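*Asks:* sequence? don't have it. structure:
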């Protein structure tokens, strides 16, 4: 049983390490930042709708800590 738990723990750690590279900080509400993730290499960031609902001044903090200015897709 200990071997199964050890393998599960190692697998989860690898998954979190790989996914963590895509997690970003989204600042768009003027008070608290929210999380998001990079969906595509070209710069598509996915976050909750309410984070950006009323804000055009959006900044994204990348995994390396660098903040960049973003634009919101207005959609259909």
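*Replies:* Sure, I can see it. Only a predicted model underlies this, so the values are computations on that prediction, with no experimental measurement involved.

*Asks:* what's the average pLDDT for stretch 47-56?
*Replies:* Stretch 47-56 comes out with an average pLDDT of 71.

*Asks:* before we move on, what about stretch 22-31?
*Replies:* pLDDT averaged over stretch 22-31 gives 78.

*Asks:* from here on, count from 28
*Replies:* Got it, the first residue is 28 from now on, which makes the last one we talked about stretch 49-58.

*Asks:* Distance from the chain centre to that stretch, please.
*Replies:* Here stretch 49-58 is found 8 Å from its chain centre; the criterion is Cα atoms, centre = their mean, to the nearest Å.

*Asks:* Pull out the buried residues from that stretch.
*Replies:* Across stretch 49-58, burial judged by 16 or more other Cβ atoms under 10 Å covers 51-55. In short, each C-beta sits where N, CA and C put it, glycine included.

*Asks:* contact partners of stretch 64-82?
*Replies:* By Cβ atoms under 8 Å, 6 or more residues apart in numbering, the residues outside stretch 64-82 that reach it are 46, 49-51, 53, 55-57, 61-63, 85, 87, 97, 99.

*Asks:* beta partners for the residue lying closest to residue 52 once chain neighbours are set aside?
*Replies:* Sequence neighbours aside, residue 88 is the residue nearest to residue 52 in space, at 3.4 Å (criterion: Cβ to Cβ, 6 or more residues apart in numbering). Beta-bridge pairing of residue 88 under DSSP bridges involves residue 52, residue 94.

*Asks:* Among the contacts of stretch 64-82, which lie within strands?
*Replies:* Taking DSSP state E as the definition of strands, the contacts of stretch 64-82 contribute 50-51, 53, 61-63, 85, 87, 97.

*Asks:* just to revisit the earlier point, give the contact list for the residue nearest to residue 52.
*Replies:* Applying Cβ under 8 Å, 6+ apart to residue 88 gives the contacts 51-54, 60, 94.
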